[in-house]
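Undergrad: A structural model of the following input is requested.
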Amino acid sequence: MSRPAAFPTARDPLPDHEQKQTALSYLSEAWAEARHDGVDGDCLAQASLFAALAELVSTYGEDAVAKFADGLSARVRNGEFSLALAKQ
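TA: Numbering: from 1, shown residues only. Down below sits the predicted model:
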């Protein structure tokens, strides 16, 4: 008697750091495609920030996101969002 084929099971969720890396990869691809299609980088950045903040508000609420956003200026000044340029 043969055994029935096993149904694939849902993948276990990736650890948080791997999900973030995967998400960043998807966003980088979408960003590159939009730039290739002529969308301005500043427009992409503003639309991305809007979408990200809207998602955070729907998940955590306005007060929590406002508190998070309050800390962004110090993080920007500390270089957390600056990409290191390759030195030649």
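
Undergrad: Buried residues, stretch 21-37. List them.
TA: Along stretch 21-37, these residues count as buried under the neighbour rule (16 or more other CB atoms under 10 Å): A34. C-beta: built from backbone N, CA, C; applies to glycine.

Undergrad: List the residue ranges of this protein that fall below the pLDDT cut-off.
TA: 1-10, 85-88 (pLDDT under 70).

Undergrad: show me what contacts P13?
TA: Q19 (CB atoms under 8 Å, 6 or more residues apart in numbering).

Undergrad: which stretch of helix or strand covers it?
TA: Assigned by DSSP states H and E, P13 falls within no helix or strand.

Undergrad: Same check on the one 5 residues further on?
TA: Assigned by DSSP H and E, E18 belongs to helix 16-36.

Undergrad: and that helix, what does it pack onto?
TA: Contact analysis of helix 16-36 by 3 or more CB pairs under 8 Å, 6 or more residues apart in numbering; DSSP states H and E lists helix 41-60 as its packing neighbours.
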